[in-house]
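A.B. asks: this one's sequence-less:
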DNA sequence: ACGGATATCGTGATCGGAACGACAAATCCG
DNA sequence: CGGATTTGTCGTTCCGATCACGATATCCGT
């Protein structure tokens, strides 16, 4: 019922987590700065840092050369030797990475596949890759967990993928399979939700407590939500499925699919079709869009922008975010005329919730999902750094 | 930056608040039950309860007659003598109440007005009413704060009403005015957001951590959001403005207002018009709807239900709530055929986020806004019960 | 070059709050 | 009436945060 009550030991857990989170998310910094940020006592911070260093989670370095008065404060950096495995199964490939607590990508592999992998095959492949790393790239490293970013509906609580249409996965206990294959603690999440988390921590939504993230890919539109500084999952962890929403389309002439969802109207495929392309990766698509002089293409872009702007205005009214981050082809739609798009969103939103709103393209590139997945894997460690000993 | 770090005293504050919150929200209960709910030690709970009793915030009663073995545990009840003032300015009246921590309504007054009151006049009237109560109904009571539920856009941080069209208030420092007039600590919030809070704590969304609340009134549609058990305000506290959203209207024949907002299409006024009524209060409207045999009325109800169902399905996809609570005439729209409406929402939502979803009418009657406003006023007390002494 | 000012760190004493153990009290049951 | 059960109470223990003091390192003006 109430996990909100605290014990004295709980304080230590929480403060250890807070210090670790600080150096993890905001980079190496002096003890003095940690003291200021946390509001804790100097000696307390010293003690906490010592405990984290003892556990191998952070390292203390000699102070940097500063031009400032006073005794220099040692720099605390999150460890390079503590890593999380990040997994991202895609339609045509399986991507696996090893990301250190410091943020460094220690290893990374993308295995192309000519057919869809089953959840079981995916788990086996991940286990094989991680096992290969253990003796080499990750020798001597401590692997604290595994995070998987899956394009589909994921029940975050137990890592069951309810439905991932493009992978043809259905009611797949991916979390359990990965755990059994690797022995690691596993967190599974929706790809867009984890992307939102990554953009919030290190990308375009950094520093914003209330962010809406929408990503447009070949398979549709997914999204993630950060409210009050926390990732929002909803009751089952399925939140963020903007793509299947029925969009408000003020002018019926803009409608292409009868009773269509947002991702039927605002779609990468329609853009490609207007451009006369069959398929293209994101850079190619962006270049083609920028180069196009066709009126039909311009019309299609404008049409999609109108519908997207209305959908975002609805989100602004309801959620009052301080930033909207757009990834994939949604970022391209906006880029053509960012100010015009901004104005279009504001035109359909109430003025107060739109105050101070910024709309910007996603900042993290192809690392986004791996970072988000790794963050999900790091979460238990940050919540209770000394819970599981260095094995 | 990081208010997340805790000190040892913070533990006490938090645990005191947790115990007080428990008896406030879940009613009088035995110490034993508090011990079980919080996970704290028996002696700790005894100590906390004693501190709260000392401050006059709770009272200990003789144990109830139980049929169980073992020593009976004393009942802890939140005090009747600690009250908050709740204010709800409406178009045609000013409603003020005094609600005790125990939930009891100690006093209540509704002053009809034949014209709109300015913020200054409202503050003066509230001060006059509260002053009148001080010697009588509230003699010997401790007033811990004042909460105001305003129908409009409210910046929660400082209590400035940015825009309340129906009251004709604009950029009004209502929080400041009320504080100066009464000397009380003031919290101002949007009426629907506070209604959501009330329904979450004591009404139809009780026990749900993720709730969407929509209220339909004469002035439009407002809403509130509870996610992860917490009221969601967004960056400026304006979140929840569903009424101004552009709704998805699959069949253009259903559209009545070109480029209209949700509250232009799903509207109390249109219902009244279809019924041939000029004005009516909610019970009258409900009765008229139930009694009507007109096909035109049925068509209009069905049309509004279709649009509302689509809007709610979007909310389900994006927020994955476990309950949707509908107040005002929205509740009536659903009541006609609750199962059919449920099915309509599910038809347009993804199946996973709609699992376990319940859609129900609001449970609290005319007390809803006063309770919500009082809760807002109680919030600081619950966060730190012993912060401000009994004066 | 040197001492004072400034700022930080380390250490040991102290404080505060929750947990724990032992015992007493209150109730039910046979 | 005595055993079983549950809970309150009191004293003690444990542990983390804080405070105060001295030590240390850098900067800056003379």
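C.D. replies: In hand now; what should we look at? Keep in mind the model is a prediction, meaning the values are calculated, not measured.

A.B. asks: show me what contacts residue A:382?
C.D. replies: A:17, A:20-21, A:24 (Cβ atoms under 8 Å, 6 or more residues apart in numbering or on different chains). In short, each C-beta sits where N, CA and C put it, glycine included.

A.B. asks: by neighbours, which of the residues you listed wins?
C.D. replies: residue A:20 (28 neighbours; other Cβ atoms under 10 Å in any protein chain shown).

A.B. asks: please report the distance of that one from DNA strand C.
C.D. replies: 17 Å (Cβ to the nearest atom of the strand, to the nearest Å).

A.B. asks: just say helix, strand or coil for that residue.
C.D. replies: Counting by DSSP: H, G, I helix; E, B strand; the rest coil, the backbone at residue A:20 sits in helix.

A.B. asks: residues contacting it?
C.D. replies: A:52, A:57-58, A:78, A:381-382, A:385.

A.B. asks: would you map the helices across the stretch 101-250 of chain A?
C.D. replies: A:119-135, A:174-182, A:191-202 (DSSP state H, counting those that start in this stretch).

A.B. asks: with pLDDT added, can I get the contacts of residue A:382 in JSON lines?
C.D. replies: Below are the contacts of residue A:382 laid out as JSON lines (pLDDT from 0 to 100):
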{"residue": "A:17", "pLDDT": "87"}
{"residue": "A:20", "pLDDT": "90"}
{"residue": "A:21", "pLDDT": "90"}
{"residue": "A:24", "pLDDT": "92"}
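
A.B. asks: out of those, who's nearest residue A:95?
C.D. replies: Residue A:95 lies nearest to residue A:24 out of these, by Cβ to Cβ, at 22.3 Å.

A.B. asks: out of the helices of the stretch 101-250 of chain A, nearest to DNA strand C?
C.D. replies: In terms of Cβ to the nearest atom of the strand, the element of the helices of the stretch 101-250 of chain A nearest to DNA strand C is helix A:191-202, at 25.1 Å.

A.B. asks: residue A:243 versus the residue nearest to residue A:284 when sequence neighbours are not counted, what's the distance?
C.D. replies: Among residues not flanking residue A:284 along the chain, residue A:277 sits closest, at 7.9 Å (Cβ to Cβ, 6 or more residues apart in numbering or on different chains). Going from residue A:277 to residue A:243 by Cβ to Cβ, to the nearest Å gives 21 Å.

A.B. asks: which one of these two is surrounded by more residues?
C.D. replies: Using other Cβ under 10 Å, the more surrounded residue of residue A:277 and residue A:243 is residue A:243, with 23 against 13.

A.B. asks: pretty sure that one sits against residue A:261.
C.D. replies: Yes. Using Cβ atoms under 8 Å, residue A:243 makes contact with residue A:261 at a distance of 6.3 Å.

A.B. asks: rewinding a little: and the pLDDT for the residue nearest to residue A:284?
C.D. replies: At residue A:277, the model reports a pLDDT of 92.

A.B. asks: ok, it to residue A:378 distance?
C.D. replies: Counting by Cβ to Cβ, the gap from residue A:277 to residue A:378 is 39 Å.

A.B. asks: for residue A:355, same thing?
C.D. replies: On the measure of Cβ to Cβ, residue A:355 and residue A:378 end up 34 Å apart.

A.B. asks: mind listing what residue A:218 touches?
C.D. replies: Per Cβ under 8 Å, 6+ apart, neighbours of residue A:218: A:91, A:268-269.

A.B. asks: ok, 6 Å please
C.D. replies: Going by Cβ atoms under 6 Å, 6 or more residues apart in numbering or on different chains, residue A:218 touches residue A:268.

A.B. asks: what does residue A:227 give?
C.D. replies: Contacts of residue A:227 (Cβ under 6 Å, 6+ apart): A:210, B:232.

A.B. asks: quick check: the nearest residue to residue A:269 once chain neighbours are set aside vs residue A:263, distance?
C.D. replies: Leaving aside its sequence neighbours, residue A:269 sits nearest to residue A:218 (Cβ to Cβ, 6+ apart; 7.5 Å). As judged by Cβ to Cβ, residue A:218 and residue A:263 stand 11 Å apart.

A.B. asks: show me the strands in the stretch 51-200 of chain A, by range?
C.D. replies: Ranges of strands within the stretch 51-200 of chain A are A:58-61, A:75-78, A:82-89, A:93-100, A:105-112, A:142-150, A:153-155, A:160-164, A:169-172, A:186-190, based on DSSP state E, counting those that start in this stretch.

A.B. asks: buried residues, the fifth one. List them.
C.D. replies: In other words, strand A:105-112. For strand A:105-112, a neighbour-count test (16 or more other Cβ atoms under 10 Å in any protein chain shown) marks A:106-107 as buried.
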